[in-house]
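**Student:** give me a model of this one.
(chains A and B)
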2 protein chains.
Amino acid sequence: MSKLLENVVGEFAKLPGVGRRTALRLALHLLRQDVEDVDLFAGAVYQFRRDIRWCRQCRNLSDDELCPICSDPKRDKTTICVVEQVGDLISIENTRQYNGLYHVLGGVISPIQGISPSDLHVDLLTDNIRRLGVREVILALGTTIEGETTSYYLTKKLQPLGVVVSVISRGIGFGDELEYADELTITHALRNRRPL
Amino acid sequence: MSKLLENVVGEFAKLPGVGRRTALRLALHLLRQDVEDVDLFAGAVYQFRRDIRWCRQCRNLSDDELCPICSDPKRDKTTICVVEQVGDLISIENTRQYNGLYHVLGGVISPIQGISPSDLHVDLLTDNIRRLGVREVILALGTTIEGETTSYYLTKKLQPLGVVVSVISRGIGFGDELEYADELTITHALRNRRPL
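**Tutor:** As a prediction, this is how the structure comes out:
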């Protein structure tokens, strides 16, 4: 095989979820694109990894010191939503239902993955709460054991600051089938039922 | 969203089979890699599109004028296998059962896609047959109507050159279930049965 082809197939195949067959298909797809368009692709990858920064206030991905959300004067600075990673922040932003700030932990407490509380920038979060006069912190972490442990840890840390700590609701998702939901989710959904 | 992130997500999402959600996952994956490794990825994409060539003898992808197969003195130059595209050539090479040369058409005759016989480098193929003293041409095209039409066209073109034109066998693939095979395949497999 051509070394140039072998090289690009090998690189694509390192991406998560991309096998060698898909990698080859992607490489051959690039051949059908204009050289300039493929340059734009390669350049976007190169620049992103080189120049991306973490917002110094919330640890969101950012082009500048402050991310677009933290530097937006129209966002409500008295509410902070805590998420595990940037992908979660984007999912929440896509709903257009939340107008506060964020805190991106960058992970959850996990002894196995070697992530301890000191890796989650909690001091930055408590500083922001005091400095911005935050009134509510919404915990929007996963329902894994690690996520729950982290939520518990953060609650203990934040409640002494006199801030309301809330957690997003758990239950059966829209479009999910009750039949396939696990027992813990159904138990929780039953207990937290609301009058119509 | 950060413009650098938006940019790389948009570029990934242009790849076939990659939606915005997957594109975001790929972008965040790059962030967890070393800068140098991401540079290698971007560089491989850039170089591949810029520097790849088509073998002047068989139209395989190549780093030089002749591809590794055409320039290999150990390959049998009296047999040419005709395939639609480079991916097919690689699939055949992976079997390690074929030691001849190839001719990569770059497509099959398709009025809808605007591919006519003149796009398939058939003159190059007939030149090679004469120049190299080829004795057999194996047609290994798809079983679509376009593939069959192209096989028929090539047979008519090549038989006058005194070369044996053969076609790879059709039938039930290993691992395929007879129950799910189409009628044409089963009919063909029955007619072309062989004594055990």
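
**Student:** so A:Gly133 sits right up against A:Asp76, yeah?
**Tutor:** No - in this structure A:Gly133 lies outside contact range of A:Asp76 using Cβ atoms under 8 Å: 11.3 Å. (Each C-beta comes from the backbone N, C-alpha and C, glycine too.)

**Student:** now the top helix by length along chain A against helix B:35-51, angle please.
**Tutor:** Identified as the longest helix of chain A according to DSSP state H is helix A:35-51. Comparing the axes of helix A:35-51 and helix B:35-51 via axes from the mean of the first three to the mean of the last three Cα atoms, to 10 degrees yields an angle of 170 degrees.

**Student:** how's chain A carved up into domains?
**Tutor:** Per automatic domain parsing, the domain ranges recorded for chain A read A:3-51, A:72-167.

**Student:** let's have those domains in JSON lines, adding distance to B:Pro16 and mean pLDDT.
**Tutor:** Formatted as JSON lines, the domains of chain A follow (distance: least, Cβ to Cβ, whole Å; pLDDT from 0 to 100):
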{"stretch": "domain A:3-51", "distance to B:Pro16": "5", "mean pLDDT": "95"}
{"stretch": "domain A:72-167", "distance to B:Pro16": "22", "mean pLDDT": "93"}
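
**Student:** got the contact list for the most centrally placed residue in chain A?
**Tutor:** Compute the mean C-alpha point of chain A, and by Cα atoms, centre = their mean the closest residue is A:Gln85, 2.4 Å away. Residues near A:Gln85 by Cβ atoms under 8 Å, 6 or more residues apart in numbering or on different chains: A:104-107, B:28.

**Student:** try it again with 7 Å
**Tutor:** Applying Cβ atoms under 7 Å, 6 or more residues apart in numbering or on different chains to A:Gln85 gives the contacts A:104, A:106.

**Student:** re the thing from before, of all the domains of chain A, which lies closest to B:Leu4?
**Tutor:** domain A:3-51 (4.8 Å; Cβ to Cβ).

**Student:** what's the burial count for the nearest residue to A:Leu15 once chain neighbours are set aside?
**Tutor:** Distances taken as Cβ to Cβ, 6 or more residues apart in numbering or on different chains put B:Leu26 closest to A:Leu15, at 5.7 Å, once the chain neighbours are dropped. B:Leu26 has 21 neighbours, counted by other Cβ atoms under 10 Å in any protein chain shown.

**Student:** assumed B:Leu26 was part of a helix.
**Tutor:** Yes - under DSSP: H, G, I helix; E, B strand; the rest coil, B:Leu26 falls within a helix.

**Student:** from memory it sits against A:Lys14, does it?
**Tutor:** No - in this structure, B:Leu26 is not within contact of A:Lys14 by Cβ atoms under 7 Å, at 10.7 Å.

**Student:** next, the buried residues of stretch A:42-56.
**Tutor:** A:42-46, A:48-49, A:52, A:54-55 (16 or more other Cβ atoms under 10 Å in any protein chain shown).

**Student:** distance to B:Gly142 added to those, as TSV?
**Tutor:** Shown next, in TSV, are the buried residues of stretch A:42-56 (distance: Cβ to Cβ, whole Å):
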residue	distance to B:Gly142
A:Ala42	32
A:Gly43	36
A:Ala44	34
A:Val45	33
A:Tyr46	37
A:Phe48	38
A:Arg49	39
A:Ile52	43
A:Trp54	49
A:Cys55	51
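
**Student:** columns distance to chain B on top of those, output as CSV?
**Tutor:** Listed next are the buried residues of stretch A:42-56 as CSV, based on distance: Cβ to the nearest Cβ, whole Å:
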residue, distance to chain B
A:Ala42, 4
A:Gly43, 7
A:Ala44, 4
A:Val45, 4
A:Tyr46, 4
A:Phe48, 4
A:Arg49, 4
A:Ile52, 5
A:Trp54, 10
A:Cys55, 9
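
**Student:** and the furthest pair within those residues?
**Tutor:** Pairwise distances across the buried residues of stretch A:42-56 (Cβ to Cβ) peak at 26.4 Å, for the pair A:Ala42 and A:Cys55.

**Student:** now do the contacts for A:Asp182.
**Tutor:** So A:Asp182 contacts nothing (Cβ under 7 Å, 6+ apart).

**Student:** helices of chain A, start to end?
**Tutor:** Under DSSP H, chain A gives helices at A:3-12, A:20-31, A:35-51, A:86-95, A:122-132, A:145-158, A:183-191.

**Student:** so which of those is the most packed in?
**Tutor:** Most buried of those, by mean neighbour count (mean count of other Cβ atoms under 10 Å in any protein chain shown): helix A:3-12, with a mean of 20.

**Student:** and A:Gly171, how many neighbours does it have?
**Tutor:** A:Gly171 sits with 16 neighbouring residues when counted by other Cβ under 10 Å.

**Student:** that one: what's it in contact with?
**Tutor:** A:Gly171 makes contact with A:188-189, A:192, according to Cβ under 7 Å, 6+ apart.

**Student:** and it, what are its phi and psi?
**Tutor:** Note on A:Gly171: backbone dihedrals following degrees, to the nearest 10 are phi 160, psi -160.
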